[in-house]
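1. Here is the input, now give the coordinates:
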Amino acid sequence: MMYHEDDYLPIAALQHLSFCERQWGLIYLENVWADNILTADGKNLHEHADEEMTESRVDVVIARGLRLSSPKMGLSGIADVVEFHEVPEEESHDGAITLDGLSGKWRPYPVEYKRGKPKLDHCDLVQVCAQALCLEEMTGADIPEGAIYYGKPKKRTIVRFDDKLRSETTHLAERLHRLTKIGRTPLAKYEKKCRSCSIYDYCLPKATYSSEKARRYISSALKEPHYREDK
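-> Have a look, this model is predicted:
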């Protein structure tokens, strides 16, 4: 299946969906957003990375703010940084590409910028993997790995795009389209990570989750025989 450009969804939405489906729904379906100190730090970190520009070093070309898209996954977005690493002549050039005005073969290497530190789940990993899959589709390159730069430790975490992560990313993209088509914000589920969410006060996960449990209990109770009216 190939998506029309009008149906593309943001690559960044995958990160929100993987982190919390309700957070995704509130942001992308209900247009709810609020900055907290965490998101403010993240914006500052991205300001330089997202500027559209290209710079060259000895064996690396750095493109910032590169626009990405994938008709196969129906995704589009802007990469913080894509490095193009020159492949040494003695190494295999399989899956490497040429760059206009430059000699040799090059391999794309996406780098996503995040504040804080590496997370326990895969929400950041699927975002940078989606960028790699877009780049592969756009260029024909093979991209075995990329990186996430975390602002708190101020260093990169290498992300290897193995079959498992690629499958997780493509399936999440499919779910993103399904949930968008349904157009209904998922129910809350309170977890420890909720406290750091910038839209916690809009979501109210403890209250809404408890209310939903109560609603299900009442609904179930009303189905019991002693609640049914005789006909």
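2. Run the chain-centre distance for stretch 55-63.
-> Distance of stretch 55-63 from its chain centroid, counting by CA atoms, centre = their mean, to the nearest Å, is 25 Å.
3. right, I mislabeled it, should have said stretch 108-120
-> 11 Å.
4. what comes up buried for that stretch?
-> Using 16 or more other CB atoms under 10 Å as the test for burial, stretch 108-120 gives 108, 109, 110, 111, 112, 113, 114, 115, 119. Just so you know, the C-beta spots here come from the backbone N, C-alpha and C atoms, and that holds for glycine as well.
5. quick one: which of those residues is nearest residue 55?
-> Nearest to residue 55 out of the buried residues of stretch 108-120 is residue 111 (CB to CB; 13.4 Å).
6. ok so, going back, as a markdown table, the buried residues of stretch 108-120 with pLDDT and secondary structure would be great.
-> Shown next, in a markdown table, are these (pLDDT from 0 to 100; DSSP: H, G, I helix; E, B strand; the rest coil):
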| residue | pLDDT | secondary structure |
| --- | --- | --- |
| 108 | 98 | strand |
| 109 | 98 | strand |
| 110 | 98 | strand |
| 111 | 98 | strand |
| 112 | 97 | strand |
| 113 | 95 | strand |
| 114 | 92 | strand |
| 115 | 87 | coil |
| 119 | 88 | coil |
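7. And residue 80, how far from residue 147?
-> From residue 80 across to residue 147, the span is 10 Å (CB to CB, to the nearest Å).
8. now do residue 101
-> Distance from residue 101 to residue 147, by CB to CB: 26 Å.
9. and if you look at residue 195?
-> For residue 195 relative to residue 147 (CB to CB), the value is 28 Å.
10. more crowded one of the two?
-> Set residue 195 next to residue 147 and count neighbours by other CB atoms under 10 Å: residue 147 wins out with 18 against 9.
11. Check what pLDDT that one gets.
-> pLDDT for residue 147: 98.
12. Okay, and it sits in which element?
-> strand 145-150 (DSSP states H and E).
13. Stretch 65-78 spans what distance, first to last residue?
-> Length of stretch 65-78, first residue to last, CA to CA, to the nearest Å: 6 Å.
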